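Q: Here is a sequence with its predicted model. Questions after.
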Amino acid sequence: MTSIRPHARADADAIADILAAGWKQAYSQFMPRGFLAPRIDPAYRRAEIAEWLDDEFEAGTEALFVAEDENGIAGFIHMALGDKGDVGAAGHVSLLYVDPDSQRRGIGRALLAEGVRWLAGKSPGPLALSAYADNPHRFAYAALGGIEAKRVRHGIDGTDVESVIYLWPDPSVLSG
């Protein structure tokens, strides 16, 4: 059974490992190699997540939840108040990753539901989430009712990369 709870500082390494594995799984086919390399390195991600949680995380305006099962941390979601891409959102999902070995078990949906509950208690309103257009897993957001609100192009290490911003005008559809 999987449970969702607020993160603890001791979860940092597991969060970092899932983030590195997620980037490797979802972005290896289109991200520039030089940009991708440190982001799929668990040691790099462990230092990055530790610094973020120790020095930058703002508990009043953001939340980090983990999904935990009998094997440990299986996924996480990072939520923040404020819009993403000027689509009129009250809050947005900054990070949502599930360990590749734990995917297709409803963990991402459960994490989104917890994030929506947090947002409803802080600043009710629409929810946004940005995903790279070439991410093969992004279609799950449309399947969960996300509406493609905007596309944004940006350069990453000389490569043109497109992001899709999904919007849930009524995110309560995710909390069921």
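A: Alright, I've got the coordinates.

Q: Go through the lowest-mean-pLDDT helix or strand in the chain and flag the buried ones.
A: Sorting the helices and strands of the chain by mean pLDDT, DSSP states H and E puts helix 139-143 at the bottom, at a mean of 91. For helix 139-143, a neighbour-count test (16 or more other C-beta atoms under 10 Å) marks Ala140, Tyr141 as buried. Where C-beta positions appear, they are placed from N, C-alpha and C, glycine not excepted.

Q: Now find how far off-centre that helix is within its chain.
A: Here the centre of helix 139-143 is set off from its chain's centre by 14 Å, with C-alpha atoms, centre = their mean, to the nearest Å.

Q: State the next helix or strand along the chain beyond it.
A: Per DSSP states H and E, the first helix or strand lying C-terminal to helix 139-143 is strand 147-156.

Q: any idea of the mean pLDDT for the helix or strand following that following strand?
A: Heading C-terminal from strand 147-156, the first helix or strand you meet, by DSSP H and E, is strand 159-168. On average, the pLDDT along strand 159-168 is 94.

Q: The closest residue to Pro32 other than its chain neighbours: how many residues sit nearby?
A: Excluding its sequence neighbours, the residue lying closest to Pro32 (C-beta to C-beta, 6 or more residues apart in numbering) is Asp157, at 3.9 Å. Burial of Asp157, expressed as a neighbour count using other C-beta atoms under 10 Å, amounts to 11.

Q: give me every residue that touches Asp157.
A: By C-beta atoms under 8 Å, 6 or more residues apart in numbering, the contact list for Asp157 reads Pro32, Gly34, Phe35.

Q: Tell me who's in contact with the second one.
A: For Gly34, the residues meeting the contact criterion (C-beta under 8 Å, 6+ apart) are Asp157.

Q: name the element it belongs to?
A: Secondary structure from DSSP H and E places Gly34 in helix 33-39.

Q: What mean pLDDT does that helix get?
A: Mean predicted confidence for helix 33-39 is 94.

Q: centre of the chain versus that helix, how much separation?
A: Relative to its parent chain, helix 33-39 has a centroid offset of 18 Å by C-alpha atoms, centre = their mean.

Q: Alpha carbons of that helix, as PDB, please.
A: Provided in PDB are the C-alpha atoms of helix 33-39 (Å, rounded to 0.1, in the frame of the first residue of the first chain):
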ATOM      1  CA  ARG A  33      23.700  15.700 -23.700                       C
ATOM      2  CA  GLY A  34      25.700  18.300 -21.900                       C
ATOM      3  CA  PHE A  35      22.600  19.700 -20.200                       C
ATOM      4  CA  LEU A  36      21.300  16.200 -19.400                       C
ATOM      5  CA  ALA A  37      24.400  14.600 -18.000                       C
ATOM      6  CA  PRO A  38      24.500  16.200 -14.600                       C
ATOM      7  CA  ARG A  39      20.700  16.000 -14.200                       C
END
